[in-house]
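In: no sequence on this one, just coordinates:
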């Protein structure tokens, strides 16, 4: 059996643990740099504040509706997430952390278990220890556990936050209740094709012939179909290093000069390279992207990206930053107000096991240099060592006007009790 | 039924052959303490029994001075412990966090300060009240 444990409105819940007066109040959480709404409490959803709403457009609405606006506090969410995941490991050794707020659990050899009761114990423990409310869906496959979880979330009174699909009857009922657009992993394009094929629910999808699915869709959808039929096919993914790392940001203002853009790109590339080294990976490829302000309808729009392939995998800040800056020069257009830029490193391989190239390799001097930089920056808890292409004066400050304290990661930020 | 064999690969050791003995062999006696080496005392291990459920808070004010909780002291809070009579708890009461001793009797819950200048608080239906966690230690600077 598999379980999907999902934290309800995770970011909002984290804020409420340390500020219980937000309980029952509508909350909206903003993206990095206070750009747009990325998380909402149930109360804010009920007020029809849309996901992704750019805050400058919706600030008045939030004021009128008394929606509490908060900047995202990732150190807090990350720590609370780690606590939840660690607690889950007490219930089974097989845990796949699927995202910051959800995890798949596999129960091998738990055949005689009462999963409804077990799910309730999981839920109760997480709530008591961390203050985070969760929903638990249990079923014979991963995709079905996702469906079961949706049911638990949708019908809290009837299910008490735990739903188990343990019979054919329940499975079919659950699939008929699940619309095609709500099936895990079915994107918009596939939805359209399934609609044309006459599929309205997940049940209709499972009624398609295996042959048709194989021919017209990919192996992923075929696996999904098997999973939904109750034949576990999608397996638990063991923890592995990330396959790509991205640093993208919206600027506080817009930039129309290449110098500022180059500086930003160099800084983002530096951040990517640091993250690469932290997980002991090197990249084969970088993608640099640049975009104008979509909301400034009257000015010229431009959006472009450029991929650079390295002849050898690298984790050197120097190589990645240089390549990124060269790339951005080729896509930059004069006269555009750019609002967002990013660097993505991908094609990752473990640094210590990658294939050597006979003719080309990373400058061997970079390796000790990088470990020294990492060491110093860690020691001084700030980016003291920068590339010359980064602005030395500038300490890139994220716009975080509504930031809550880092209750669990900074001693000066802990709660005060009278 | 087919039998499958599972193969194990030995993990390569990082050490290159000989073991380096850092106490030296040729000169003098080896340290007599070597056989009795133990891990250092860790305050984390001493003060935290349940890492996932442990949080910290700072005391503000004098209401619990009798229990040894002074202004600015650091509290170790374990949320996994059950609230019981006489335990010191961090509670959220009507919009603010407070630390008091729990007094449970005849279906009544009281929050008892440990300072004669402060009154005991009876919790009623009207209160917005959460027992947030149980205080297990207090750390103070001297």
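Out: Structure's in. What do you need? Note that this is a predicted model, so its numbers are computed, not measured. Numbering: from 1, shown residues only, chains lettered A, B, ... in the order given.
In: Smallest distance to chain B belongs to which residue of chain A?
Out: Nearest residue of chain A to chain B: residue A:129, at 3.8 Å (CB to the nearest CB). For every residue, glycine as well, the C-beta is placed using N, CA and C.
In: three-state assignment of that residue?
Out: Of the three states, residue A:129 takes helix under DSSP: H, G, I helix; E, B strand; the rest coil.
In: dump the residue contacts of it.
Out: When contacts are counted by CB atoms under 8 Å, 6 or more residues apart in numbering or on different chains, residue A:129 touches A:83, A:87, B:50, B:52-53, B:79-80.
In: The residues you listed in helices, which ones?
Out: If you go by DSSP state H, the contacts of residue A:129 have A:83, A:87 in helices.
In: Next one: the residue of chain A closest to chain B from residue A:84, what distance?
Out: Distance, residue A:129 to residue A:84, by CB to CB, to the nearest Å: 9 Å.
In: per-residue confidence for residue A:357?
Out: For residue A:357, the model assigns a pLDDT of 63.
In: Next: the one 5 residues further on.
Out: At residue A:362, the predicted lDDT confidence score is 74.
In: Angles on the backbone of it, please.
Out: Note on residue A:362: its backbone torsions stand at phi -60, psi 140 [degrees, to the nearest 10].
In: Counting neighbours, what do you get for it?
Out: Using other CB atoms under 10 Å in any protein chain shown, residue A:362 is surrounded by 21 other residues.
In: do the same with residue B:37
Out: 7.
In: And for the one 4 residues further on?
Out: By the criterion of other CB under 10 Å, residue B:41 has 7 neighbours.
In: What subset of the contacts of residue A:129 is buried?
Out: Among the contacts of residue A:129, those that count as buried by neighbour count (16 or more other CB atoms under 10 Å in any protein chain shown) are A:83, A:87, B:52-53, B:79-80.
In: Strands of the stretch 151-300 of chain A, start to end?
Out: Under the criterion DSSP state E, counting those that start in this stretch, the stretch 151-300 of chain A contains strands at A:162-164, A:244-255, A:281-292.
In: For residue A:229, which of those strands is the nearest?
Out: strand A:162-164 (17.5 Å; CB to CB).
In: What residues does chain B have near chain A?
Out: B:50-53, B:55-61, B:63, B:74-75, B:79-80, B:90, B:92, B:95-99, B:130, B:132 (CB under 8 Å from any CB of the partner chain).
In: Can you classify residue B:101 by secondary structure?
Out: Secondary structure state of residue B:101, per three-state DSSP, is strand.
In: tell me the contacts of it?
Out: Residue B:101 makes contact with B:64, B:67, B:86-89, B:111-114 under the criterion CB under 8 Å, 6+ apart.
In: What helix or strand is residue 77 located in?
Out: Picking chain A for this. helix A:74-88 (DSSP states H and E).
In: switch to chain B, that's the one I care about
Out: Per DSSP H and E: strand B:74-78 holds residue B:77.
In: which residues of the stretch 101-250 of chain A score low on pLDDT?
Out: Scanning the stretch 101-250 of chain A with the threshold set as pLDDT under 70 gives A:238-242.
In: which bits of it sit near chain B?
Out: Within the stretch 101-250 of chain A, the residues that sit near chain B (CB under 8 Å from any CB) are A:125, A:128-131.
In: ok and the host helix or strand of residue A:121 relative to strand B:74-78, angle-wise?
Out: Here residue A:121, judged by DSSP H and E, is contained in helix A:115-130. Using axes from the mean of the first three to the mean of the last three CA atoms, to 10 degrees, the inter-axis angle of helix A:115-130 relative to strand B:74-78 is 180 degrees.
In: Can you name the element that comes right after helix A:115-130?
Out: Remark: after helix A:115-130, the chain's next helix or strand is strand A:134-139, criterion DSSP H and E.
In: Show me which positions of that next one end up buried.
Out: For strand A:134-139, a neighbour-count test (16+ other CB under 10 Å) marks A:134-139 as buried.
In: Dump those residues into JSON lines; add distance to residue A:404 as well.
Out: Shown next, in JSON lines, are these (distance: CB to CB, whole Å):
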{"residue": "A:134", "distance to residue A:404": "21"}
{"residue": "A:135", "distance to residue A:404": "24"}
{"residue": "A:136", "distance to residue A:404": "28"}
{"residue": "A:137", "distance to residue A:404": "30"}
{"residue": "A:138", "distance to residue A:404": "34"}
{"residue": "A:139", "distance to residue A:404": "36"}
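In: tell me the mean pLDDT over stretch A:12-19?
Out: 96.
In: contact partners of that stretch?
Out: By CB under 8 Å, 6+ apart, the list of residues contacting stretch A:12-19 from outside reads A:7, A:22-23, A:27, A:29, A:39-41, A:44, A:70, A:73, A:76-77, A:80, A:130-133, A:404-405, A:407, A:415.
In: Equivalent analysis for stretch A:174-183, please.
Out: Contacts of stretch A:174-183 with the rest of the structure, by CB under 8 Å, 6+ apart, involve A:143-144, A:147-148, A:150-151, A:165, A:186, A:191, A:194-195, A:199-206, A:224, A:228.
In: quick one: the most centrally placed residue in chain A from residue A:340, how far?
Out: In chain A, the residue lying closest to the centroid (CA atoms, centre = their mean) is residue A:99, at 6.1 Å. Separation of residue A:99 from residue A:340 (CB to CB) stands at 23 Å.
In: Residue A:304 now?
Out: 12 Å.
In: where do the contact lists of these two overlap?
Out: In contact with both residue A:304 and residue A:340: A:289-291, using CB under 8 Å, 6+ apart.
In: neighbour-wise, which of those leads?
Out: With neighbours defined as other CB under 10 Å, the most crowded of these is residue A:290; it has 24 neighbours.
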